[in-house]
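A.B. asks: my questions concern the predicted model and sequence given below.
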Amino acid sequence: MYPNSHLAALEQLSQRRSVKAMDLQAPGPNQQQVDQLLAAAARVPDHGKLGPWRFICFQDDARQAFGEHLAQRFSELKPEAPTVAIEAERGRFCRAPLVVAVISCVQAHPKIPEWEQLMSAGAVCQNLLVAANLMGFAAQWLTEWYAYDETIDTKLDLKSGERVAGFVYIGSATAKPDERQRPDLQQRIQHWTKS
Ligand SMILES: Cc1cc2nc3c(=O)[nH]c(=O)nc-3n(C[C@H](O)[C@H](O)[C@H](O)COP(=O)(O)O)c2cc1C
């Protein structure tokens, strides 16, 4: 049988729910916890030991500073947007005490396809969610519009082959989320039989 601590972790994993970024608040992880979170997040399968991902952390004033870029870019894209919408962009990263941008860094490789490198970055995002939950924090993996905007990529200083896998918002939950309807698992499980 598993040790009790493993059972508790398994239970946590089986019940995991994201908490909306707007429902997150301080306190967030302290610096030691951030280091622990990133170390756990980085512990992913990685064919060829390429480490095809990196992190950009936003805390404290950096969140507001990046919000200025979001607001400016949003105004460029939507010149007719009302002030309230622009202000919402300015405050996006301030929804949580910690925002971690997980950057997928794909390199051309003779043996490791791009697909596998991208999935490794996805695994980093999921590890980050789970590690944050195990630490008692809540989290949400978002992309929203700014994960797909070239100007924002430039502000993030992304290089060729890099793109945002996700912005993982981490903090303390203001409320427990309701259960969400889940895909019908039985419909998605097949037991292969020789035919
Ligand atoms: C790659 C990726 C990007 C996502 N981007 C968004 C997003 O931009 N906006 C959003 O509301 N949910 C987004 N989600 C969904 C949330 O992360 C989350 O899965 C959803 O709120 C359901 O919560 P759950 O994790 O409890 O199932 C994204 C999920 C993934 C995997």
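C.D. replies: Good, I have the coordinates. Residues are numbered from 1 along each chain as shown.
A.B. asks: near the ligand, which residues of this structure?
C.D. replies: Proximity of the chain to the ligand (Cβ under 6 Å from any ligand atom) is limited to residues Arg17, Ser18, Gln140, Trp141, Leu142, Thr143, Glu144, Gly166, Arg180. Using the backbone N, CA and C atoms, a C-beta is placed for each residue, glycine as well.
A.B. asks: could you dump those residues to CSV with pLDDT and secondary structure?
C.D. replies: Below are these laid out as CSV (pLDDT from 0 to 100; DSSP: H, G, I helix; E, B strand; the rest coil):
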residue, pLDDT, secondary structure
Arg17, 97, coil
Ser18, 98, coil
Gln140, 98, strand
Trp141, 98, strand
Leu142, 98, strand
Thr143, 98, coil
Glu144, 98, coil
Gly166, 98, strand
Arg180, 95, coil
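A.B. asks: isn't Asn127 up against Pro45?
C.D. replies: No: applying Cβ atoms under 8 Å, one finds Asn127 not in contact with Pro45, separated by 10.2 Å.
A.B. asks: look at those two and report which has more neighbours.
C.D. replies: More crowded of Asn127 and Pro45, by other Cβ atoms under 10 Å: Asn127, with 20 against 8.
A.B. asks: next, the contact list for the more buried one, please.
C.D. replies: Ala40, Ala41, Ala42, Arg43, Val44 (Cβ atoms under 8 Å, 6 or more residues apart in numbering).
A.B. asks: excluding its backbone neighbours, what's nearest the residue of the chain found nearest the ligand?
C.D. replies: For the chain and the ligand, the shortest gap (Cβ to the nearest ligand atom) falls at Ser18, measuring 3.4 Å. Sequence neighbours aside, Gln140 is the residue nearest to Ser18 in space, at 4.4 Å (criterion: Cβ to Cβ, 6 or more residues apart in numbering).
A.B. asks: residues contacting the one you found?
C.D. replies: Per Cβ under 8 Å, 6+ apart, neighbours of Gln140: Ser18, Val19, Lys20, Ala21, Leu24, Leu129, Val168, Tyr169.
A.B. asks: for it, list each beta-bridge partner.
C.D. replies: Beta-bridge pairing of Gln140 under DSSP bridges involves Tyr169.
A.B. asks: mind checking how far it is from Ser5?
C.D. replies: As judged by Cβ to Cβ, to the nearest Å, Gln140 and Ser5 stand 26 Å apart.
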